[in-house]
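J.: predicted model and sequence follow; I will ask about them next.
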Amino acid sequence: MGREFLDIFEDWAEKYDDSVAGIDPQYKEVFAQYDTILNEVSKHAKGIVLEFGVGTGNLTEKLLKSGKKVYGIEPSRPMRELAVQKIPALDVKDGDFIDFPETADPIESIVSSYAFHHLTDSEKAIAIEKYASMLPEYGKVIFADTMFESDQAKEKAIKDAEAKGYSELAEDLKREYYPTTGVLESIFISNGFNVTFQQMNDFVWLVIANKR
């Protein structure tokens, strides 16, 4: 359920906000248009929101400022602590995309940024099936995440990173479970969603899935 990567994120927690600001050249393109990407996720969410992978709370802040009620899920204790430091009133619980506590209110939108790739494709299918069962008609899933149009495009991204000497980025692209847009589209459609994809930078796509 993505928890195999917890050690990496617990080590990264204190530096995460610097990374998204583009300070690390290896990840500058991954986080290009970061603020715009989070704004798009927030803009498309509606009603009461369940956010997976809260991290340090950057997307959460935007959701709350737009007037939405947010339930947060984050498996990393250091990340949870940083998020609560930033947003003291935040209700954030330990959990992941598949195993998470129930909320006191019915959820209308499920959101995440830069996190769904921690699940294998089979785990992604389990998670989306679960979301389909819990969302009301016309409920929404809005994810912003690294993904590729094809396996060939992913391999090219790895080779480009290696050619630039970006060994950490190349290893990240090899290690994690970055999906293709076609695989995600198939999973969403088979679970009763209409889904669109919009590329936001060289790595990240905005996925908007509406339950039929």
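T.: Everything's here; your move.
J.: okay, now K211: neighbour count?
T.: By other C-beta atoms under 10 Å, the residues close to K211 number 18. Every C-beta, even on glycine, is put in place using the N, C-alpha and C of the backbone.
J.: surely it and P136 touch.
T.: Yes. Look at K211 against P136 with C-beta atoms under 8 Å: they come within range, at 7.4 Å.
J.: show me where the protein has its helices.
T.: 6-12, 16-20, 34-44, 58-65, 77-86, 121-134, 151-163, 167-175, 181-190 (DSSP state H).
J.: tell me which strands and helices the fifth one is in contact with?
T.: Using 3 or more C-beta pairs under 8 Å, 6 or more residues apart in numbering; DSSP states H and E, the elements in contact with helix 77-86 are helix 6-12, strand 91-93.
J.: need the least confident one among these, by mean pLDDT.
T.: The weakest mean pLDDT among the helices and strands packed on helix 77-86 belongs to helix 6-12, with a mean of 59.
J.: from K68, how far off is L173?
T.: 32 Å (C-beta to C-beta, to the nearest Å).
J.: the two - which one has more neighbours?
T.: L173 (23 against 19).
J.: distance of the residue nearest to the more buried one when sequence neighbours are not counted from P179?
T.: Counting by C-beta to C-beta, 6 or more residues apart in numbering, L173 lies nearest to I158, which is 4.8 Å off, once chain neighbours are set aside. Distance check for I158 against P179: by C-beta to C-beta, it reads 15 Å.
J.: which one's more surrounded, these two?
T.: P179 (22 against 16).
J.: so what's the more buried one up against?
T.: Shown in contact with P179 (C-beta atoms under 8 Å, 6 or more residues apart in numbering): 116-117, 121, 124, 147-148.
J.: G139 now?
T.: 107-110, 210-211.
J.: farthest-separated two in those?
T.: I107 and N210 (14.4 Å; C-beta to C-beta).
J.: picking that back up, now, of the helices of the chain, which is deepest in the fold?
T.: helix 58-65 (a mean of 20; mean count of other C-beta atoms under 10 Å).
J.: picking that back up, can you add distance to L50 and give the helices of the chain back as JSON lines?
T.: Formatted as JSON lines, the helices of the chain follow (distance: least, C-beta to C-beta, whole Å):
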{"stretch": "helix 6-12", "distance to L50": "20"}
{"stretch": "helix 16-20", "distance to L50": "21"}
{"stretch": "helix 34-44", "distance to L50": "13"}
{"stretch": "helix 58-65", "distance to L50": "10"}
{"stretch": "helix 77-86", "distance to L50": "15"}
{"stretch": "helix 121-134", "distance to L50": "9"}
{"stretch": "helix 151-163", "distance to L50": "29"}
{"stretch": "helix 167-175", "distance to L50": "26"}
{"stretch": "helix 181-190", "distance to L50": "17"}
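J.: sweet, I'm off.
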